[in-house]
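Asks: My questions are about this predicted structure, shown below with the sequence.
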Amino acid sequence: MSTDHSAKVQRDAEGRLRHLITLDGLSRDEIVALLDLAQFYARTPGELAARDQTLAGHTVANLFFEPSTRTRVSFELAAQRLGADVVNLDMQSSSRVKGETVLDTIYTLQAMQADILVMRDAEPGLPAYVAKYVAPHVCILNAGEAHLSHPTQGLLDALTVRQTKGDFAKLKILIAGDLSHSRVARSAWHAFTTLGVAELRIAAPEDLMPGKDEFKGATRFTDIDKAISGVDVVMTLRIQRERMSGASIPDEATYHHTFGITADRLAKANKDAIVMHPGPMNRDVEIASAVADGPQSVIQRQVTNGVAVRMAVLATIARNVQARRHFQ
Ligand code: CP
């Protein structure tokens, strides 16, 4: 299944975002507008959640064909906080198990008037493929596609960097770890480069480093100690053993020793550097527990921002649906 048309297929005839499948092709202004709206919805832990009725009358269906905690729950909360009806399809007990195709599953939900479908799947190209077949009023939001794309994660990571470190044009950002299998890293790369980051570094062991046709403009490192030196943001990634076939990576203790973000390594970054991880974490593998729970960690803020970003995406997509109806 080709992903070549993802960027085009996500827009309507007037060029507005109809689906969100990739951050590829979004302009700086579009990303900034989404972040500004997310900032409007953002609340710190302990504050009452933002609520309005922007999605009243809409039905959001969560279809997660791969496991998720953060993305699925935050899409559900985001939709509820905007007044939508929400259904979560439990894929293990759905008719997919009896052999129903993805499209038939989608058509079934569409027939029940679900109009915003949030999808996660291990198959590359599936969200763009489905987007071509749904009814004109139905929107597809990509909640994680193979190793390729996780657009709302890229946005929440950008929001977290902007809130804590400010202007991207002054920042050195490192994305480190299992880059090869990471949709998080690919979407973060789109977001950070579009927002004009001063310097983007990527670091991975040789076997987990993507080809040169990807992460264009980033400086590549296989030595984490060199990569982390003097950066403002350290984003580390989960090792995704479930996606590996043939990559030779060391055992967990060796990986932690040679590539993990430890307190000693973090001391080589700028002293006010932040540490990010998309979750779920392999504690004391790619990141030391002391760092994950330490004063420079913004990992819980990333989770909090996930709800705000998904509210912003849902509200923007719904507004665009209304605009299309208005002119039909
Ligand atoms: N970051 C992320 O996608 O986490 P989940 O797999 O828990 O949704």
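Replies: Nice, thanks for sending it over. Quick caveat: nothing in here was measured; it's all calculated off a predicted structure.

Asks: Could you give the number of residues near the nearest residue to Asp232 once chain neighbours are set aside?
Replies: Spatial nearest neighbour of Asp232, excluding adjacent residues (Cβ to Cβ, 6 or more residues apart in numbering): Leu171 at 4.7 Å. (Each C-beta comes from the backbone N, C-alpha and C, glycine too.) Leu171: 22 surrounding residues under other Cβ atoms under 10 Å.

Asks: Need the pLDDT of Leu171.
Replies: The model reports Leu171 with a pLDDT of 98.

Asks: distance of it from the ligand?
Replies: Distance, Leu171 to the ligand, using Cβ to the nearest ligand atom, to the nearest Å: 21 Å.

Asks: isn't that residue right next to Val161, touching?
Replies: Yes: between Leu171 and Val161 a contact is recorded at 7.1 Å, counting by Cβ atoms under 8 Å.

Asks: Point me to the helix or strand that includes Arg324.
Replies: Per DSSP states H and E: Arg324 is located in helix 299-327.

Asks: Mind listing what's buried along that helix?
Replies: 299, 301-318, 320-321 (16 or more other Cβ atoms under 10 Å).

Asks: Stretch 39-48 too?
Replies: Result for stretch 39-48 [16+ other Cβ under 10 Å]: buried residues 41-42.

Asks: Please compute how far that stretch lies from its chain's middle.
Replies: Relative to its chain's centre, stretch 39-48 lies at 19 Å (Cα atoms, centre = their mean, to the nearest Å).

Asks: mind listing what the nearest residue to Ser229 once chain neighbours are set aside touches?
Replies: Spatially, and ignoring its direct neighbours in sequence, Ser229 is nearest to Lys268 (4.9 Å; Cβ to Cβ, 6+ apart). Contacts of Lys268 were listed using Cβ atoms under 8 Å, 6 or more residues apart in numbering, and they are 225, 228-230.

Asks: Check those for burial and list the buried ones.
Replies: 228-229.

Asks: re the thing from before, the helix holding Arg324 near the ligand at all?
Replies: No: no part of helix 299-327 sits near the ligand under the criterion Cβ under 6 Å from any ligand atom; the closest distance found is 7.7 Å.

Asks: which helices and strands sit right next to that helix?
Replies: Here helix 299-327 touches helix 28-41, helix 70-81, strand 116-121, strand 139-145, helix 151-165, strand 274-276, going by 3 or more Cβ pairs under 8 Å, 6 or more residues apart in numbering; DSSP states H and E.

Asks: mind redoing it with 10 Å?
Replies: Judged by 3 or more Cβ pairs under 10 Å, 6 or more residues apart in numbering; DSSP states H and E, helix 299-327 is in contact with helix 28-41, strand 59-64, helix 70-81, strand 116-121, strand 139-145, helix 151-165, strand 274-276, helix 289-292.

Asks: for those, which one sits closest to Leu109?
Replies: strand 59-64 (4.9 Å; Cβ to Cβ).

Asks: ok, now how distant is Ser27 from the ligand?
Replies: From Ser27 to the ligand the distance is 25 Å (Cβ to the nearest ligand atom).

Asks: Okay, the nearest residue to that residue once chain neighbours are set aside and Ala203: tell me how far apart.
Replies: Once flanking residues are discounted, Ser27 sits nearest to Thr194: 7.4 Å by Cβ to Cβ, 6+ apart. With distances taken as Cβ to Cβ, to the nearest Å, Thr194 is found 21 Å from Ala203.

Asks: which of these two has more neighbours?
Replies: Ala203 (27 against 21).

Asks: Near the ligand, which residues of the stretch 51-200 of the chain are found?
Replies: Residues of the stretch 51-200 of the chain lying near the ligand (Cβ under 6 Å from any ligand atom): 68-71, 144, 153.

Asks: Just the buried subset of the residues you listed, written out for ChimeraX, thanks.
Replies: A single ChimeraX command selects the buried members of these (16+ other Cβ under 10 Å):
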select :68,70,71,144,153
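
Asks: in what helix or strand does Phe192 lie?
Replies: Per DSSP H and E: helix 183-194 holds Phe192.

Asks: Tell me which residue of the stretch 151-300 of the chain lies closest to the ligand.
Replies: Going by Cβ to the nearest ligand atom, the ligand is nearest to Pro278 of the stretch 151-300 of the chain, at 3.8 Å.

Asks: Can you read off the pLDDT for that residue?
Replies: On the pLDDT scale, Pro278 gets 98.

Asks: Pull up the gap between it and Gly306, please.
Replies: Counting by Cβ to Cβ, the gap from Pro278 to Gly306 is 9 Å.

Asks: Spell out which residues are contacts of both of the two.
Replies: 70-71, 153, 156-157 (Cβ atoms under 10 Å, 6 or more residues apart in numbering).

Asks: possible to save the residues of the stretch 51-200 of the chain next to the ligand as TSV with pLDDT?
Replies: Formatted as TSV, those follow (pLDDT from 0 to 100):
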residue	pLDDT
Ser68	96
Thr69	97
Arg70	98
Thr71	98
Gly144	98
Gln153	98
